[in-house]
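*Asks:* Need coordinates for the following:
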Amino acid sequence: MEISVRLFGSMKQYAPDEGASFSMAFAAGSTVSDALKILKIPPTKEKSVLLNGRRVDGEHPMVDGALMVIFPHIEGG
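*Replies:* Numbers count the residues shown, from 1 in each chain. Down below sits the predicted model:
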């Protein structure tokens, strides 16, 4: 399966050479955590992950053609 990925803010440092928007291929049954490991985003790094516009956790399964957006937590008020 193939998904589209977009990284924002400080998450862009984990992008492959293609830049902050790219595609990734995965085996069926792969999860969000699998993608984060491949991108080498540390588990301790504060981040939000959206899959097709919905916030998900690491155990959420990915689906073919999905759009994954990853951005850092933003603090303020």
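*Asks:* gap between A27 and P42?
*Replies:* Taking C-beta to C-beta, to the nearest Å as the criterion, A27 is separated from P42 by 23 Å. (C-beta placed from N, C-alpha, C; glycine too.)
*Asks:* Look up how far G65 lies from F22.
*Replies:* As it turns out, when the distance is counted by C-beta to C-beta, F22 lies 15 Å from G65.
*Asks:* the more surrounded of the two?
*Replies:* With other C-beta atoms under 10 Å as the criterion, F22 and G65 differ in neighbour count, and F22 comes out ahead with 15 against 10.
*Asks:* Double-check S48 against H73; I have them as touching.
*Replies:* Yes. Using C-beta atoms under 8 Å, S48 and H73 qualify as a contacting pair, with a distance of 6.4 Å.
*Asks:* quick one: which of these two has more around it?
*Replies:* Just comparing S48 and H73: by other C-beta under 10 Å the higher neighbour count belongs to S48, 14 against 10.
*Asks:* quick one: contacts for that one?
*Replies:* When the contact criterion is C-beta atoms under 8 Å, 6 or more residues apart in numbering, the partners of S48 are R55, I70, F71, P72, H73.
*Asks:* Tell me the bridge partners for the first one.
*Replies:* As for beta bridges, R55 partners with L50 under DSSP bridges.
*Asks:* And for it, the neighbour number?
*Replies:* A count of neighbours around R55, defined by other C-beta under 10 Å, yields 10.
*Asks:* can you check the one 5 residues further on too?
*Replies:* Here the number of neighbours of H60 (other C-beta under 10 Å) works out to 16.
*Asks:* how far away is the nearest residue to it once chain neighbours are set aside from S21?
*Replies:* Nearest residue to H60 in three dimensions, chain neighbours excluded: V32, at 4.9 Å (C-beta to C-beta, 6 or more residues apart in numbering). Distance of V32 to S21, computed by C-beta to C-beta: 18 Å.
*Asks:* Compare neighbour counts for these two and give me the winner.
*Replies:* The residue with more neighbours, out of V32 and S21, is V32; 21 against 13, by other C-beta under 10 Å.
*Asks:* Which residues lie in contact with that one in this structure?
*Replies:* Counting by C-beta under 8 Å, 6+ apart, V32 makes contact with V49, L51, V56, D57, G58, E59, H60, M62, M68.
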